[in-house]
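Participant: pasted the sequence and its predicted model underneath.
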Amino acid sequence: MAKQVPYKVRLHIISPVHIGCDDVYEPTGFVVDKGAKRLVAFDPLDFVRSLDTANRAKFLTICDKGTLESIIELYRFMGKCKVQPEWRSVAVSEGFLSSYDRVMTKINPRIERDIKQELNKFLIARTSYLPLDQAPYIPGSALKGALRTGWLNDLNQGRKSELNLNDRNAAKDLEKGLMKGTFEADPFRLVKISDLLPVGIPETRICYAVNKKKKLSQHEARGPQQILEVIRHDKQAIFEGVITLHEPEQGSPIRRENAVPADQAFFLKATGFFLKEMLSDADPLKGINLPSGVQDAMKKAFGDRFLKEVFPVRIGRHAGAESVTVAGARNIRIMGKQGEPAKNGFNSTTLWLAGDSPKAENNLHPFGWVALEILPPDAANPYPMRTFVDRKVSAAGVIPLALQQVALPKAPLERMVWEKAVVTWSPGNTTLTASFEGKKADIRLSGERSLVAESLHKKLFEKKAPVSARVTLEKEGNLLKIIMVESI
């Protein structure tokens, strides 16, 4: 049996992190407690149940109007209702309170243009969360994608690409060349990363993504207003999971000379790129009179362990074009001046920062920096314990009501193969489903599709047609998890 080494890892949040999950806080699903500076979210049915008879009748009357103006009326009605203790809350910035106050008090409900503009800007993107207790977590695919980018940069060593970077297949061709093969021979198939679960319930916050030019200019950078929920870096936030490094089995299309090392050398190679990016990011920030602080924060937190057992990585939305591309082969789209067409270049001219308001000038922070702490291998019990918390909200914040420890399963899990399974793709809920001899298994894909053979992508994902494929699964009790889909 091929060697496999599991590493328990911890991820420490160093700057605000947002991992998209295609979910939002909609204005009809929250109210704002301005005194506590918190957004209080609820299930719409719970809100209706909280109303007394008179207010419920008023609520239904507003809903029956079905007009654009009635939406503003509905928000203002909801804003006056009493916050219930079982609703959950999230801290908000001062800028968000100003935007909310404008919607609640200053919009003229008779001017449709103003209503549309404000409501279109008022959707709040949620960061990935656990359904059971709404705590944020880090999907394994987010960390794996970052480490893959770091690994590709280590392989390329900044060499200028000879590919036509305007070709839509250039990125795939570059990866094939660096990895020495197609999907079946991709060495990163031997890197397995679990979802990283929170220790306790790390706090989140509502802030703005602020677009800034890297060089001081009299003209502001352009970009749509974005309101995001981020995992807070100013409150201790730690996530735990497992990275398992496998050696290729005998007869595997992955050649040993191309395989990732099943030891800590892997982490040095996969994260060295991010150290360079962290240092190069400091200059543009200084150029617009903003401190970086990321490297100092990591050194202060981990001392001599930094770059030995703890490594910088950048994940999530607005991590920066340079941090998600291969140096030497970049083709970054750069917006021109008003009325001018966009152009491509090797470096971006703007950066997105987390701020308290859409036009913030101070207290801005780069997105996505985390510290990856590697703990010694523990093949016997590598999986962390997760404490799920049933929560209620008060003016002081979150109060735990009940605790239940849930142990994740021990590795290795039983594997099985369905030789001729029917695989379908549902883009609406981003779910991949495999059917075989009356059995079914499915998996949600949040952006990463590397577990599916590239030869199947066009028919499955673009044409949305069923395919016949060889499906590898892991069995956990009665639960089947898809881990690989290959061409027959």
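Facilitator: The structure has been received and is ready for your questions. From a predicted model like this one, the values you see are computed outputs, not experimental measurements.
Participant: give me the domain ranges for the chain.
Facilitator: 4-18+136-219+230-377, 27-122, 414-486 (automatic domain parsing).
Participant: those domains: which one's closest to residue 130?
Facilitator: domain 4-18+136-219+230-377 (5.4 Å; C-beta to C-beta). In this view, the C-beta of every residue, glycine as well, is placed from N, C-alpha and C.
Participant: returning to that earlier point: reformat the domains of the chain as TSV; add distance to residue 129.
Facilitator: Output for these, formatted as TSV (distance: least, C-beta to C-beta, whole Å):
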stretch	distance to residue 129
domain 4-18+136-219+230-377	5
domain 27-122	10
domain 414-486	12
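Participant: which of those domains is buried the deepest?
Facilitator: Comparing these by mean neighbour count (mean count of other C-beta atoms under 10 Å), domain 4-18+136-219+230-377 ranks first with a mean of 18.
Participant: I'd like the average pLDDT over it.
Facilitator: For domain 4-18+136-219+230-377, the mean per-residue pLDDT is 85.
Participant: gap between it and the chain center?
Facilitator: 12 Å (C-alpha atoms, centre = their mean, to the nearest Å).
Participant: mind saving the C-alpha coords of the longest strand anywhere in the chain as PDB?
Facilitator: Criterion DSSP state E: the longest strand present in the chain is strand 414-426. Coordinates of each C-alpha in strand 414-426 appear next as PDB, following Å, rounded to 0.1, in the frame of the first residue of the first chain:
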ATOM      1  CA  GLU A 414     -13.200   2.700   3.000                       C
ATOM      2  CA  ARG A 415     -12.900   3.300  -0.700                       C
ATOM      3  CA  MET A 416     -15.000   1.800  -3.500                       C
ATOM      4  CA  VAL A 417     -15.200   2.300  -7.300                       C
ATOM      5  CA  TRP A 418     -18.300   2.400  -9.500                       C
ATOM      6  CA  GLU A 419     -16.900   1.400 -12.900                       C
ATOM      7  CA  LYS A 420     -19.800   2.700 -15.100                       C
ATOM      8  CA  ALA A 421     -21.700   5.200 -13.100                       C
ATOM      9  CA  VAL A 422     -24.000   7.900 -14.600                       C
ATOM     10  CA  VAL A 423     -22.800  11.300 -13.600                       C
ATOM     11  CA  THR A 424     -25.000  14.400 -13.800                       C
ATOM     12  CA  TRP A 425     -24.400  18.100 -13.000                       C
ATOM     13  CA  SER A 426     -26.900  20.500 -11.500                       C
END
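Participant: packing partners of it?
Facilitator: Counting by 3 or more C-beta pairs under 8 Å, 6 or more residues apart in numbering; DSSP states H and E, the packing neighbours recorded for strand 414-426 are strand 431-436, strand 467-476, strand 479-486.
Participant: picking that back up, among the domains of the chain, which is nearest residue 128?
Facilitator: In terms of C-beta to C-beta, the element of the domains of the chain nearest to residue 128 is domain 4-18+136-219+230-377, at 5.6 Å.
Participant: mind listing the strands for the stretch 251-400 of the chain?
Facilitator: 310-314, 332-334, 343-345, 350-355, 365-366, 369-377, 385-394, 397-407 (DSSP state E, counting those that start in this stretch).
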